[in-house]
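Novice: Return atomic coordinates for the entry below.
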Amino acid sequence: MGEIAITVENLSKRYTLGLSRRRHNTLGEQLSQGARSFFRRNPDKAGLDSFWALKDVSMEVKRGEVVGIVGRNGAGKSTLLKILSRITEPTEGEATIRGRVGSLLEVGTGFQPELTGRENIFLNGAILGMKKAEIERRFDEIVAFSEVEKFLDTPVKRYSSGMYVRLAFSVAAHMEPDVLIIDEVLAVGDSAFQKKCLGTMDLVGKQGRTVLFVSHNMAAVRNLCSRAILFSAGRVLAEGPSADIVENYLTAIDSSQVGSVPLGERKDRVGEGAVRVVGFEARVPGGTGGGSLRTGAPAEFVIEYAVKQEHPLRRMYAGIVVTDSSGADVFTCSTAMSNADFYGITGKGKLICQTDYLPLKPDRYWVNIKLSEYHGHYTIADEVIRAAGFEVYEGGDSGFVDFGKGAVVVPHNWRLSPGSDLDLQNCVSTKD
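Specialist: Numbering: from 1, shown residues only. Have a look, this model is predicted:
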């Protein structure tokens, strides 16, 4: 098949903004629209009607490589994958993929909501290029991996977003593609399933097949990918060993966004915008001026939000992921985990998440923030990666002097089991 699996040459994609899709009811409106269209034939000159999601992108990916695609939201990563998956056409340039492609870009892509999970396995498999006999041969493996056997004969419109992802990934992974393309959609699944998916992707690479992986999980990119490509404003900014590119990416975010641009004005965000994160604070409980967070002491994480729409949010979920300086996830706090429900949210306000024991060692940490709305299914309203940073200092109620290795500090004590043998002459006692 050759050594090169993917070739991209001078690839560009332009999207036109602000075009009205409404019907023109009068001849005057049609003539007016025609005149505007004439003067907008070159959107570049107008400068207001288009933007380049990708511009002059060139790259090669070898067969068997596992390559991470990283960059801030809006950098062009998903646009590249959509072109490679033949979902959209480029404006300029060309992309060549050698071999069969399996892609998972959006939740439920290729699924028919009225059909059952069983029927959608065959439908989605056919869309991805699998023959019926091949689907039947792999059917039991697909179902077992997806963990939705109990709901296999239920219409997928009743599936949660996590169930969608499990089934969709399972179909894509078991079609044995030459090139597997995965977007950030895996973040919807639970941590156990994410781990299983990452293991499958690693196996696919070891089998000599190619993987393109877009993710904000920098630890996964660094550990899974041998090479990474950094995108910024639709262009390739850098490429090289994944560890170097991840460091480059995190440094760029820290210097250009965190602390220098108000959180509410950050452009590197995704979501439908029903509610927006406009501020964040990590503080001592009840404090108004921040205060110093201490290992083992109580702490509060405060999300300041603003509802964009006029009508109240039907139901809002919130979550933060605390990451270390390398981008590795340390722990998650979410309203779903604590069974906290918020209905009828309007205007502006603050969500406060409190813990009685902060398990973080002294260091600098970051938070990724996500707000979601539920109206029959979950939709991301706003998500900002590396939204804010905060420091943790020694002290508090942990009582530890040597913090040792590991990501977090766990309260603990030691004791001898009754009946343990002791050398009384050389025994060193400690006081409680």
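Novice: If I look at Ala388, what pLDDT would I see?
Specialist: We note a pLDDT of 89 for Ala388 in this prediction.
Novice: What values do phi and psi take at it?
Specialist: Main-chain torsions, Ala388, degrees, to the nearest 10: phi -160, psi 160.
Novice: cool, Leu224 as well?
Specialist: phi -90, psi -30.
Novice: Is there a neighbour count for it? I'd like the number.
Specialist: When neighbours are defined as other C-beta atoms under 10 Å, Leu224 has 21 of them. All C-beta atoms are positioned from the backbone trio N, CA, C, and that covers glycine.
Novice: which parts of the helix or strand where Arg137 lies are buried?
Specialist: According to DSSP states H and E, Arg137 maps onto helix 132-146. Residues of helix 132-146 classed as buried: 135, 138, 142-143, 145-146 (neighbour count, 16 or more other C-beta atoms under 10 Å).
Novice: how big is the angle separating whatever helix or strand comes next after that helix from helix 132-146?
Specialist: Elements were assigned by DSSP H and E; along the chain past helix 132-146, the next helix or strand is helix 161-174. Angular relation of helix 161-174 and helix 132-146 on a 0 to 180 degree scale: 130 degrees, by axes from the mean of the first three to the mean of the last three C-alpha atoms, to 10 degrees.
Novice: ok now do Glu381, which residues does it touch?
Specialist: Actually, residue 381 is Ala. It isn't Glu. Contacts for Ala381 were tallied using C-beta atoms under 8 Å, 6 or more residues apart in numbering; they are 271-276, 313, 316, 371-373.
Novice: again, only using 6 Å
Specialist: Neighbouring residues of Ala381 by C-beta atoms under 6 Å, 6 or more residues apart in numbering: 271-272, 274-275, 371-373.
Novice: Dump the buried residues of helix 132-146 to CSV, plus pLDDT and distance to Ala387.
Specialist: Converted to CSV, these look like this (pLDDT from 0 to 100; distance: C-beta to C-beta, whole Å):
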residue, pLDDT, distance to Ala387
Ile135, 88, 42
Arg138, 88, 41
Ile142, 89, 37
Val143, 90, 38
Phe145, 85, 33
Ser146, 84, 32
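Novice: what sits up against stretch 121-139?
Specialist: Residues from elsewhere that reach stretch 121-139 (C-beta under 6 Å, 6+ apart): 100, 102, 110, 142, 171, 174-175.
Novice: In JSON lines: those residues, plus distance to Trp366.
Specialist: What follows is the contacts of stretch 121-139, written out as JSON lines (distance: C-beta to C-beta, whole Å):
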{"residue": "Arg100", "distance to Trp366": "38"}
{"residue": "Gly102", "distance to Trp366": "32"}
{"residue": "Gly110", "distance to Trp366": "35"}
{"residue": "Ile142", "distance to Trp366": "37"}
{"residue": "Val171", "distance to Trp366": "34"}
{"residue": "His174", "distance to Trp366": "36"}
{"residue": "Met175", "distance to Trp366": "37"}
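Novice: Show me which of those residues are buried.
Specialist: Here, 16+ other C-beta under 10 Å leaves 102, 110, 142, 171, 174-175 buried among the contacts of stretch 121-139.
Novice: just to revisit the earlier point, tell me which of the contacts of stretch 121-139 is nearest to Gly349?
Specialist: Set against Gly349, the nearest of these by C-beta to C-beta is Gly110 (38.7 Å).
Novice: Local confidence estimate at the closest one?
Specialist: pLDDT, Gly110: 65.
Novice: what about stretch 236-245, how long is it end to end?
Specialist: 12 Å (C-alpha to C-alpha, to the nearest Å).
Novice: would you say Ala75 is within a helix?
Specialist: No. Using DSSP: H, G, I helix; E, B strand; the rest coil, the assignment for Ala75 is coil, not a helix.
Novice: Tell me who's in contact with it.
Specialist: Here Ala75 is in contact with 231-232 (criterion: C-beta under 6 Å, 6+ apart).
Novice: any idea how far Asp329 is from it?
Specialist: 21 Å (C-beta to C-beta, to the nearest Å).
Novice: Which stretches in the stretch 151-300 of the chain count as strands?
Specialist: Under the criterion DSSP state E, counting those that start in this stretch, strands of the stretch 151-300 of the chain are mapped to 179-182, 210-214, 227-232, 235-241, 269-270, 275-283, 293-294, 299-307.
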